[in-house]
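Colleague: Build me a structure from this.
(2 chains)
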Protein chains: 2
Amino acid sequence: MDDFFYPRSIAVIGASRESGKVGHSVLKNLIEANFQGEIVPINPNADEVLGLKAYSKVKKVDLAIVVVPASIVPSVLEDSARVGIKASMIISAGFRESGPQGAVLETQIRDIAKRHGIRIVGPNCLGIISTGANMNASFASEYPSKGNISLISQSGAICTSFLDWAADESLGFDKLVSVGNKADVAEAELLEYIAHDPSTDVVALYVEGIDKGREFMRVAKEVSRMTPLVVLKAGRTDMGAKAASSHTGALAGSDAAYEAAFKQSGIIRVNSIDELFDATKAFSRCPIPKNPGMAIITNAGGLGVLASDAAVEYKVPLANFTKETIIALQGALTRESNIYNPVDILGDAKPQRYGDTLKTVLADQNVGLVIVLLTPQAMTEPEETAGLLNKLSLKASKPILTSFLGGKELAKTRDKLKQGKTANFTSPETAVRAASNLIRFREIATAEATESIQIRGAGQKRGALLQIQQVQAEGRTSLTEEEGMNVLRAYDIVTPKATIVTSRDKVVRAAREIGYPVVLKVNSTDISHKTDVGGVITGISTDKAARNAFDQIYANINKRMPQTLIEGITVQEMVQGVEVIIGVTRDPQFGPFVTFGLGGVYVEVLRDVSHRLAPITLAEAKKMISEVKSYPILLGARGRKALDINAIARTIVCVSRISQDFKEIQEIEINPLVVQETGCIAVDALVVVETRDNSLNQSGGGQLER
Amino acid sequence: MDDFFYPRSIAVIGASRESGKVGHSVLKNLIEANFQGEIVPINPNADEVLGLKAYSKVKKVDLAIVVVPASIVPSVLEDSARVGIKASMIISAGFRESGPQGAVLETQIRDIAKRHGIRIVGPNCLGIISTGANMNASFASEYPSKGNISLISQSGAICTSFLDWAADESLGFDKLVSVGNKADVAEAELLEYIAHDPSTDVVALYVEGIDKGREFMRVAKEVSRMTPLVVLKAGRTDMGAKAASSHTGALAGSDAAYEAAFKQSGIIRVNSIDELFDATKAFSRCPIPKNPGMAIITNAGGLGVLASDAAVEYKVPLANFTKETIIALQGALTRESNIYNPVDILGDAKPQRYGDTLKTVLADQNVGLVIVLLTPQAMTEPEETAGLLNKLSLKASKPILTSFLGGKELAKTRDKLKQGKTANFTSPETAVRAASNLIRFREIATAEATESIQIRGAGQKRGALLQIQQVQAEGRTSLTEEEGMNVLRAYDIVTPKATIVTSRDKVVRAAREIGYPVVLKVNSTDISHKTDVGGVITGISTDKAARNAFDQIYANINKRMPQTLIEGITVQEMVQGVEVIIGVTRDPQFGPFVTFGLGGVYVEVLRDVSHRLAPITLAEAKKMISEVKSYPILLGARGRKALDINAIARTIVCVSRISQDFKEIQEIEINPLVVQETGCIAVDALVVVETRDNSLNQSGGGQLER
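Modeller: Below is the predicted model:
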């Protein structure tokens, strides 16, 4: 990676003498940013480009920048490999994003790179900026000042907007990477490198799709406690995702999987480009708050109300001032002021009053950060107030966010604010939103490591595997209920007491052993929807009913599916309690994706579910359970007793483990898992596996992953 | 009202020679705005103020501006009345907002005004601006250019911020009113006057609390189809409302009631001050779209995705282009472009390509409005593009919203955009949000008048009234079930078949007549929670069970409440179906406030409810029902048959009518209303009335309202 960000020598392959061409802009930018290493223009038709000696053939450098037409990029890469170049950034477009022909070219360059051990950034990208190396290896027209922001973006256009916005805000950059089509180097690797660099205080990411989801999560989890990662993911909604596909051809994963991935790896997800800008600014300019209590100071009551509304919306707690603060404010402010939070210092507040109040509030131990609001009223002195805030902000160890609300008259003042360490926003609401992001990072950085649990499964995994392989060998894609239950049991999940009987005589004994009431279910690999063919009878409470039910099931099946082989009848404990569902599917980017919800209308009608990506810790599982809106039902709403939430959480962990252990499993659904005051029981389970052929291709013949 | 906005003569009572004083600023502002009528400074200690002859005593003018200390405002008002002044704007503070003493003063001035027929704006306000009269009757330092925006604000500080923001955006004002404490003139009256003025194209409102809620709704309903009303209501959340009370002492109504009021009267509610600015700008600069289809044109795919995401979030449909448009775009754009919506015209798009694409898209009949996005890339010519868009926008009859995304480099371009009729926003997301507000107004303006239904109630109202008055006369506050049912039946609401029996012998005949199964319930004015004392037995299917139940209820009551007088036993039809709840409470500002939800967990745990203020039309009631998340259950989710939604809607209308007809009724709750495939039945009803004394004070002794 050092070759991309701190190279000692750079070749520009395709350097052009013609102004307006990308090959010209890139070289010009490199020179103008004052890069101190060697710059080598490669151009077979020129002796000199922009005052530098040009070469007709590529020579050994740390970093090659490729700006030639797509069709000759493969041969350029081969040439580069020959002279020993290890890092190549391909700006040229005309690859995967342009259609099938381009996709072929992209596969070619990926193969060449792999063969020769060349690393590639791009193709189809804007370039790389690394201010620490005085390097503008891009065709962006703006070169930023040095600073603590790094940006990783899947869109070059977003880079240029970001740069222009940052210039206006006097914010500086450490590194900027336009990742383009990500033929080789993708977000995960860049994140690992950049977030560890002490010159970066915040990493902003714009992504449309992440290809190596698991790898990304691993890295993000590792660095997100150290450096704030602010991510804008475009293609959030189905309609958005459609546009995403036609744009870069990236396969956008389901947004729920991204949401889970970001949440689980400590990423601060933002919802719009404004919020990306605002959060980046806050992290760039402010310290991290030590506690979440927010204080608000305003010269207009209305703004205080708007900020309080936003505090509720963004879940930022208002600080309760200490007695000392209250007394100090009482002494300093007039009777008409509001000395509680939000502090209304009234419309005639001059800079001094702003300053005194801010000092008092900053000293309060319950205050983690302060929002200062100002409207330009008759007596207000915005510029002087800004000057005073700047001074205080340079000494303060707590974030000071401001909203000086106005337009024309405040233009100069807003410029002045950029000289301090406050961060100014267009409204009270956006200031509070930025505050919520600062607080979110504090939570991520201080979160305690979560518990893990022991699962007996390891020892029995082999048995479960054999079961799955047998099903595959028979060409089936789903396990019978009994087979599914075997897999669950191997992982410590409780299933109902059950016995399979094959004759009428044994039904009663089995039922008595289990204890009435019981359920009778047909057992047959030919039948996948037992209920539909009269293969299930519930609520059996007497010996007579048990015998009748046995006969009835045989009669039903013989009538409706005459050719069916009945392997027996399962006599099962009838379990009562609240029904929940645990399901796992496979997300193409992130792998096993676990869904939880209460059964029946809650899942089917209200779509009241929560999600996580496996693996899931016990603590995460509990959080996941608490996220559904129907959670109070499990807690014992409406006079009922509380149910065993720990048992559900444990089951979620076990299911997530199964889905990780067996790549062959495409889907698991426990529906229902019946939850009781103590414990929970998986009453029915659907397990879908991939067909043997796919399995062989994808996971090496169903071998254990670990 | 004309006296406030188009006076021919103005007195400034408390005009001051001392610069920095409000009495000085106001006079200076009047003069500088070039007011053409007579200006009369009133100051007993000066012959002349700011070059105008000053008078020691007030003389007859159209409008008196009062800037003297609060304590002498009452005498000033008396003086004004004596010389025949009819309109007075009180800028002075020190009234209700400052505590109990101020509140007394405010009551005084209100009484004086009433007695003499003087209208008052304020006190505690910034003033009034009316550009049509060249009048700056405020102490705002900025006087806006003439334009089509009017602002009504409960916060003077928000006015100054708004003015400053508008100046920066080159937006002009028609009228601006800072309403202050609203001792007399409030939003409703101003809205009625201003929205009818053809010089106003959009009214922006900032409110913290509305006192005369019903009046406000009536006016808003009337004008909102004609002029867009954009409202920011502060104190949305509980925490915000707390700040609101300490600010102006306004009693903030429950936000759900405001939400319903705004929805029902065609108001466009916004959620932040940014959105208030943005929506106002869109309405000020753009025509109203004729259909909701949105087209997006972008030079960066990523921005198109972000805009599409926002379109889903803000429920704006993307337009499906006609065949002609597709063919035209195919011809004009390169193969790499995306010609479907969002249209990606690629990073090298020059002004011409922007212009051609925009012309094509504007001509498409499916397109109601267009969003044009631009990032400053290497080949982009932002300023020239802006110029071309300006030209096209001046001819276009469809809204063109833009987001030119950047900072420093785009500053000049953004200024240039202000010369056309486009509206520019800081991001794709905020542009789409503004588009959604334009579309919302189109919906409001074109909504069809809704159906009304006949209720038999009118004829039987007197009977219901007598019933209520009897309960009040007995000193009770809630009706028995039977009394409540009588009221419901008077309004055409179906209740279960029921008979009251007083002897064991008659139970069986009653049950047979009604038809098994039945429910038996104790009847006693002493018992309010029948179930708790064993006074209800359900599921009775045989004669024997009926007799036993009769005995059991007597035994239960005798045991648990020995002193109770049992008036009889109600034998009631047992009704089965899905349970819903309809409730009415009284909101202090808006009156009868109706809540709907499905019974049980849906209301109690999930809080899945919808709200409206009475009166409710049948169409509104249906909408209300469809707004709950559990609505699919009524539609027949999970294989069930659809239930009679019309019957529920009809019941909602009837209940809302009851709550309007009887001010004595504080609360009604039908819980449950059992809904079947045909019809619905109110199985239990709680009706709470106010005690007679309150009733006498508040509603004139329970007389019929109409």
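
Colleague: so how far is chain B from A:Gly20?
Modeller: Look at A:Gly20 and chain B: by C-beta to the nearest C-beta, to the nearest Å, they are 8 Å apart. C-beta coordinates here come from the backbone N, C-alpha and C atoms, glycine included.

Colleague: Ignore what I typed, I meant A:Pro100.
Modeller: Distance from A:Pro100 to chain B, by C-beta to the nearest C-beta: 12 Å.

Colleague: got it, and A:Ile85?
Modeller: 26 Å.

Colleague: tell me the angle the helix or strand hosting A:Ser284 makes with helix B:273-285.
Modeller: Here A:Ser284 sits within helix A:273-285, counting by DSSP states H and E. Angle, helix A:273-285 to helix B:273-285, by axes from the mean of the first three to the mean of the last three C-alpha atoms, to 10 degrees: 140 degrees.

Colleague: Pull helix A:273-285 out as PDB, backbone CA atoms only.
Modeller: Provided in PDB are the C-alpha atoms of helix A:273-285 (Å, rounded to 0.1, in the frame of the first residue of the first chain):
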ATOM      1  CA  ILE A 273     -24.600  13.500   1.300                       C
ATOM      2  CA  ASP A 274     -25.300  16.500   3.500                       C
ATOM      3  CA  GLU A 275     -25.000  14.300   6.600                       C
ATOM      4  CA  LEU A 276     -21.700  12.800   5.200                       C
ATOM      5  CA  PHE A 277     -20.300  16.300   4.800                       C
ATOM      6  CA  ASP A 278     -21.600  17.400   8.200                       C
ATOM      7  CA  ALA A 279     -20.400  14.300  10.100                       C
ATOM      8  CA  THR A 280     -17.000  14.500   8.500                       C
ATOM      9  CA  LYS A 281     -16.700  18.200   9.400                       C
ATOM     10  CA  ALA A 282     -17.600  17.500  13.000                       C
ATOM     11  CA  PHE A 283     -15.000  14.700  13.400                       C
ATOM     12  CA  SER A 284     -12.400  16.800  11.500                       C
ATOM     13  CA  ARG A 285     -12.800  19.900  13.700                       C
END
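
Colleague: Next secondary structure element downstream of it?
Modeller: Criterion used, DSSP H and E; the element after helix A:273-285 is strand A:294-298.

Colleague: Need the contact partners of that next one.
Modeller: Here strand A:294-298 makes contact (C-beta atoms under 8 Å, 6 or more residues apart in numbering or on different chains) with A:304, A:307-308, A:311, A:316-319, A:321, A:341-345, A:354, A:357-358, A:361, A:364, A:367-374, A:428, A:432, A:435, A:439.

Colleague: roughly how far is that strand from the heart of the chain?
Modeller: 31 Å (C-alpha atoms, centre = their mean, to the nearest Å).

Colleague: buried stuff in it?
Modeller: A:294-298 (16 or more other C-beta atoms under 10 Å in any protein chain shown).

Colleague: likewise stretch A:580-596?
Modeller: For stretch A:580-596, the neighbour count (16+ other C-beta under 10 Å) marks A:580-587, A:589-596 as buried.

Colleague: Those residues: which two are farthest apart?
Modeller: Pairwise distances across the buried residues of stretch A:580-596 (C-beta to C-beta) peak at 26.8 Å, for the pair A:Val580 and A:Gln589.

Colleague: returning to that earlier point: out of the buried residues of stretch A:580-596, who's nearest B:Ser98?
Modeller: Among the buried residues of stretch A:580-596, and counting by C-beta to C-beta, the member closest to B:Ser98 is A:Phe596, at 54.1 Å.

Colleague: Is it correct that the closest one is in contact with A:Val628?
Modeller: Yes: at 6.8 Å, A:Phe596 and A:Val628 qualify as touching, with contact defined as C-beta atoms under 8 Å.

Colleague: can you list residues touching both of these two?
Modeller: With C-beta under 8 Å, 6+ apart, A:Phe596 and A:Val628 have common neighbours A:609-610.

Colleague: Residue numbers of the stretch 351-500 of chain A in contact with chain B?
Modeller: Within reach of chain B by C-beta under 8 Å from any C-beta of the partner chain, the stretch 351-500 of chain A has these residues: A:375-379, A:405-411, A:426-430.

Colleague: List only those of those flagged as buried.
Modeller: A:375-378, A:405-410, A:426-430.

Colleague: what's the residue closest to the geometric middle of chain A?
Modeller: Nearest to the mean C-alpha position of chain A, counting by C-alpha atoms, centre = their mean, stands A:Phe262 at 1.7 Å.

Colleague: What are the buried residues along the helix or strand where that one lies?
Modeller: In the assignment (DSSP H and E), A:Phe262 maps to helix A:255-264. Within helix A:255-264, the residues that count as buried by 16+ other C-beta under 10 Å are A:255, A:257-264.

Colleague: Give the buried residues for the one helix or strand A:Val73 maps to.
Modeller: Per DSSP H and E: A:Val73 is located in helix A:73-83. Neighbour-count burial for helix A:73-83 flags A:73, A:76-77, A:79-81 (criterion: 16+ other C-beta under 10 Å).

Colleague: what about it, average pLDDT?
Modeller: Averaging pLDDT along helix A:73-83 gives 96.

Colleague: Please, where are all the helices along the stretch 151-300 of chain A?
Modeller: A:156-168, A:187-195, A:213-223, A:238-248, A:255-264, A:273-285 (DSSP state H, counting those that start in this stretch).

Colleague: Save these as JSON lines, and put in distance to A:Leu63 and mean pLDDT too.
Modeller: Formatted as JSON lines, those follow (distance: least, C-beta to C-beta, whole Å; pLDDT from 0 to 100):
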{"stretch": "helix A:156-168", "distance to A:Leu63": "18", "mean pLDDT": "94"}
{"stretch": "helix A:187-195", "distance to A:Leu63": "14", "mean pLDDT": "95"}
{"stretch": "helix A:213-223", "distance to A:Leu63": "23", "mean pLDDT": "92"}
{"stretch": "helix A:238-248", "distance to A:Leu63": "24", "mean pLDDT": "52"}
{"stretch": "helix A:255-264", "distance to A:Leu63": "31", "mean pLDDT": "90"}
{"stretch": "helix A:273-285", "distance to A:Leu63": "27", "mean pLDDT": "97"}
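
Colleague: So for B:Thr477, which of these sits nearest?
Modeller: Closest of these to B:Thr477 is helix A:255-264, at 49.6 Å (criterion: C-beta to C-beta).

Colleague: is the closest one anywhere near chain B?
Modeller: No: using C-beta under 8 Å from any C-beta, helix A:255-264 stays clear of chain B, coming no nearer than 9.4 Å.

Colleague: how close does A:Leu27 sit to A:Tyr258?
Modeller: 38 Å (C-beta to C-beta, to the nearest Å).

Colleague: where do the strands sit along the stretch 1-150 of chain A?
Modeller: For the stretch 1-150 of chain A, the strands defined by DSSP state E, counting those that start in this stretch cover A:9-13, A:38-42, A:48-49, A:52-53, A:63-66, A:87-90, A:119-121, A:127-130, A:135-138, A:146-153.

Colleague: Can you list the strands that the fourth one pairs with?
Modeller: When sheet partners are counted by DSSP bridges, strand A:52-53 sits next to strand A:48-49 (antiparallel).

Colleague: Would you mind pulling the contact partners of the partner strand?
Modeller: A:15-17, A:24, A:27, A:41, A:43, A:54.

Colleague: From the residues you listed, pick the one nearest B:Thr200.
Modeller: Using C-beta to C-beta, those come closest to B:Thr200 at A:His24, 53.9 Å.
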